[in-house]
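Q: I need the structure of the sequence given here:
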Amino acid sequence: MHRITAHPADGSTRALFNNRASRSIEQAALAATPPHTLMQRAGLAVARLALAVAPHAHTIWIACGPGNNGGDGLEAALHLHRWGKHVVATWLGDETHAPADALASLARARAAGVLLADTPPTDLDAHDLVIDALLGLGSKRAPSGRMAQWITQINAGPASVLAVDLPSGLNGDTGAIHFEASAAASTSGNQYIQAQHTLCLLTLKPGLFTGLGRDAAGQIWLDTLEVDTSTAPASALLNPAPAPRVRSHASHKGSYGDVAIVGGAPGMTGAALLAASAALHGGAGRVFAALLTPSPETSALNTSQPELMLRDVSDLALATLTVVCGCGGGAAVAEVLPRLLQNAPRLVLDADALNCVAADPGLQAQLQARRAASQATILTPHPLEAARLLGVTTAAVQADRLGAAQQLAERFECVVVLKGSGSVIATPQAQPFINPTGNARLATAGTGDVLAGLAGALLAAGRSPTEAACDAVFLHGLAADQWPPGQALTAGALARALSPPS
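A: Numbering: from 1, shown residues only. Coordinates of the predicted model:
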């Protein structure tokens, strides 16, 4: 059993498997083992983790659904009961329709003397534990009836929650809620479990790391149940920590590239300067700030950062630069985008640049043509900007973040960073990455500009677009994870806290 951390010490890349891939792995494992073996292993793994995370729990309520996830819970109940715990198991199954494995575990639990109750215990306190074995991957319909009531009761109660495989109601593929809750169900509370711990069985699921997944799952654990999944094709990958890079003593500022920040329309110069600061602290050799605002307004802006060099956008030698465009660009960015799309060999598009592309088919065609011209491009939309580019709603993007990012990458033939909880990095015809670092401290104005500037610096230093995007997103989130407790995170301070991964 392994605890899944945001930045493992070995820098390894973890494979993520969607529902279909997980089912395929499960079916192959079932065919290769004696009947009921996997469920017995799963139940034992759940029971062991329950003891580890709640060793002093007096009462353990195991809420068991009608399928095999419920069977895993019943199997765990058997072990915990044998180990002297006060276990109350509630089962929503029907013995005339339940899967064979679940029925076998039900019989084993009964034979062991496990208390099978029709209603949850009423004496749970903050030192007790609830095990959610309601749905897992087996979600086929919206929670209703007693299941919906139990989900609400579990979330509202004081006891810690351990989810088996997935928090019930969470889509393991997308990190969204599986279903549109009915009017009746929506009045009873959240229709997904919010756990403190989740034990994945066999595989890690993408939805645990993006969208609502990180809030729903808590600390994630993995037990492969003695099944080798190393040769199975992954659906996505967990973004790893950047590989160490040592800067040569014989290098100079030209070794790390020049970055130009194009943005900062009147009233929004701060966004461009944040991106420029991030590029500077992220390791770029030189940073030019080409602000789209009258010179008198900018003449006194950079006294605290004399390293930044002001340039007029018309004076930029684009063929030699990595350009970050859009941060605080406003409507003015539309005038310069055609030239940048045509001439910049390396380009990061953010914010208003993305909105301009979404509104202009001609700019979209230019963007699509860049890959054929061997020009590198990274897009860094937040969900609303992604929705504009795709012509859909923000809710549709959030309902399938991996799908939306991949669709954008394929449509515009470039690398896409869909920002948010569990940012997704997508590349055409490749597995997407989900980033494990970052937290809610980043929910403040300007942090997206910082990410764009950092991506530009790494792209200028010679990384491929995918490497630059993955490394920038990881380091950006890591800086937030390492932020001093009790100290407000501002975008300016975040930019200054960055350092090149070397």
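Q: which parts of this protein belong to which domain?
A: Under the assignment automatic domain parsing, the domains of the chain span 2-233, 253-497.
Q: save those domains as a markdown table, and put in mean pLDDT and mean neighbour count too.
A: C-beta here means a position set from N, CA and C on the backbone, and glycine is covered the same way. Below are the domains of the chain laid out as a markdown table (pLDDT from 0 to 100; neighbours: other C-beta atoms under 10 Å):
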| stretch | mean pLDDT | mean neighbour count |
| --- | --- | --- |
| domain 2-233 | 91 | 20 |
| domain 253-497 | 94 | 21 |
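Q: closest one to residue 241 among these?
A: Closest to residue 241 of the domains of the chain is domain 2-233 (C-beta to C-beta; 4.8 Å).
Q: and the domains of the chain: which comes nearest residue 242?
A: domain 253-497 (4.1 Å).
Q: can you give me the end-to-end span of the closest one?
A: With C-alpha to C-alpha, to the nearest Å applied, domain 253-497 spans 20 Å between its terminal residues.
Q: closest one to residue 243 among the domains of the chain?
A: domain 2-233 (6.9 Å).
Q: what helix or strand does the residue nearest to residue 125 when sequence neighbours are not counted sit in?
A: Among residues not flanking residue 125 along the chain, residue 158 sits closest, at 5.7 Å (C-beta to C-beta, 6 or more residues apart in numbering). Taking DSSP states H and E as the definition, residue 158 sits outside all helices and strands.
Q: what sits against residue 158?
A: By C-beta atoms under 8 Å, 6 or more residues apart in numbering, the contact set of residue 158 is 124, 125, 126, 128.
Q: ok, back up a step: can you put the domains of the chain in a markdown table and add distance to residue 244?
A: Shown next, in a markdown table, are the domains of the chain (distance: least, C-beta to C-beta, whole Å):
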| stretch | distance to residue 244 |
| --- | --- |
| domain 2-233 | 9 |
| domain 253-497 | 11 |
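Q: so for residue 239, which of those sits nearest?
A: domain 253-497 (4.2 Å).
Q: the closest one: how far from the chain's middle?
A: Distance of domain 253-497 from its chain centroid, counting by C-alpha atoms, centre = their mean, to the nearest Å, is 19 Å.
Q: please begin residue numbering at 24 from this point
A: With the count now opening at 24, the last piece we talked about shows up as domain 276-520.
Q: and the contacts of residue 181, which two are furthest apart?
A: 147 and 149 (8.5 Å).
Q: need the overlap of contacts for those two.
A: When contacts are counted by C-beta under 8 Å, 6+ apart, the set common to residue 147 and residue 149 consists of 181, 182.
Q: so how far is residue 64 from the most centrally placed residue in the chain?
A: Closest to where the C-alpha atoms of the chain average out (C-alpha atoms, centre = their mean) is residue 445, at 1.7 Å. Distance check for residue 445 against residue 64: by C-beta to C-beta, to the nearest Å, it reads 29 Å.
Q: kindly report the same for residue 276.
A: Taking C-beta to C-beta, one finds residue 276 at 57 Å from residue 64.
Q: quick one: residue 464 is in a helix?
A: Yes - judged by DSSP: H, G, I helix; E, B strand; the rest coil, residue 464 forms part of a helix.
Q: can you give me the distance of residue 45 to residue 518?
A: For residue 45, the distance to residue 518 - C-beta to C-beta - is 40 Å.
Q: what do you get for residue 383?
A: On the measure of C-beta to C-beta, residue 383 and residue 518 end up 30 Å apart.
Q: and for residue 388?
A: Separation of residue 388 from residue 518 (C-beta to C-beta): 34 Å.
Q: for residue 99, helix, strand, or coil?
A: Residue 99 - assigned by three-state DSSP - is helix.
Q: excluding chain neighbours, what is closest to it?
A: residue 69 (3.9 Å).
Q: quick one: the strands in the stretch 174-323 of the chain?
A: Remark: strands assigned in the stretch 174-323 of the chain by DSSP state E, counting those that start in this stretch are 183-187, 220-224, 242-246, 259-261, 281-286, 309-314.
Q: show me what the first one is packed against.
A: Looking back up the chat, that one is strand 183-187. Applying 3 or more C-beta pairs under 8 Å, 6 or more residues apart in numbering; DSSP states H and E, we find strand 183-187 packed against helix 60-76, helix 91-105, strand 152-156, strand 220-224.
Q: and for the last one?
A: In terms of contacts (3+ C-beta pairs under 8 Å, 6+ apart), strand 309-314 is packed against strand 281-286, helix 292-304, strand 332-333.
Q: what lies in contact with that strand?
A: By C-beta under 8 Å, 6+ apart, the residues outside strand 309-314 that reach it are 276, 281-287, 292, 295-296, 299, 302-303, 321, 324-325, 330-336, 339, 344.
Q: one more: the fourth one?
A: Counting by C-beta under 8 Å, 6+ apart, strand 259-261 makes contact with 36-39, 41, 227, 229, 232, 425, 454-457, 459, all of which sit outside it.
Q: give the pairing partners of that strand; include direction for each.
A: strand 37-39 (antiparallel), strand 456-457 (parallel) (DSSP bridges).
Q: do the third one as well
A: Counting by DSSP bridges, the strands paired with strand 242-246 are strand 25-26 (antiparallel), strand 220-224 (parallel).
Q: how far does the last one sit from its chain's centre?
A: It refers to strand 220-224. Its chain's C-alpha centre and that of strand 220-224 lie 17 Å apart, by C-alpha atoms, centre = their mean.
Q: between that strand and strand 152-156, how big is the angle?
A: Our comparison of strand 220-224 with strand 152-156, counting by axes from the mean of the first three to the mean of the last three C-alpha atoms, to 10 degrees, yields an angle of 40 degrees.
Q: which one of the strands paired with strand 259-261 lies closest to residue 195?
A: Residue 195 lies closest to strand 37-39 among the strands paired with strand 259-261, at 9.5 Å (C-beta to C-beta).
Q: any idea how far that closest one is from the middle of the chain?
A: Counting by C-alpha atoms, centre = their mean, strand 37-39 is centred 12 Å from the centre of its parent chain.
Q: try stretch 76-85
A: Stretch 76-85 has its C-alpha centroid displaced from the chain centroid by 30 Å (C-alpha atoms, centre = their mean).
Q: contacting residues around it?
A: By C-beta under 8 Å, 6+ apart, stretch 76-85 touches 73, 96-97, 99-100, 103, 108-113, 143-144, 146-148, 150-154, 156, 182-183, 185, 219-220.
Q: quick one: the helices in the stretch 274-423 of the chain?
A: With DSSP state H, counting those that start in this stretch as the definition, the stretch 274-423 of the chain shows helices at residue ranges 292-304, 318-321, 356-366, 375-382, 384-392, 406-413, 417-422.
Q: output those as a markdown table; include the columns distance to residue 481.
A: As requested, those are exported to a markdown table (distance: least, C-beta to C-beta, whole Å):
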| stretch | distance to residue 481 |
| --- | --- |
| helix 292-304 | 9 |
| helix 318-321 | 26 |
| helix 356-366 | 19 |
| helix 375-382 | 19 |
| helix 384-392 | 21 |
| helix 406-413 | 21 |
| helix 417-422 | 25 |
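Q: among those helices, which comes closest to residue 467?
A: Ranking the helices of the stretch 274-423 of the chain by proximity to residue 467 (C-beta to C-beta) places helix 292-304 first, at 11.3 Å.
Q: helices and strands around the closest one, which ones?
A: So helix 292-304, by 3+ C-beta pairs under 8 Å, 6+ apart, packs with strand 281-286, strand 309-314, helix 470-483, helix 514-520.
Q: quick one, phi/psi of residue 430?
A: Main-chain torsions, residue 430, degrees, to the nearest 10: phi -60, psi -40.
Q: quick check: closest non-adjacent residue to it.
A: In space, residue 430 is closest to residue 413, 6.3 Å off (C-beta to C-beta, 6+ apart).
Q: dump the residue contacts of the one you found.
A: Counting by C-beta under 8 Å, 6+ apart, residue 413 has contacts 419, 420, 427, 430, 431, 434.
Q: this completes my enquiry, with thanks.
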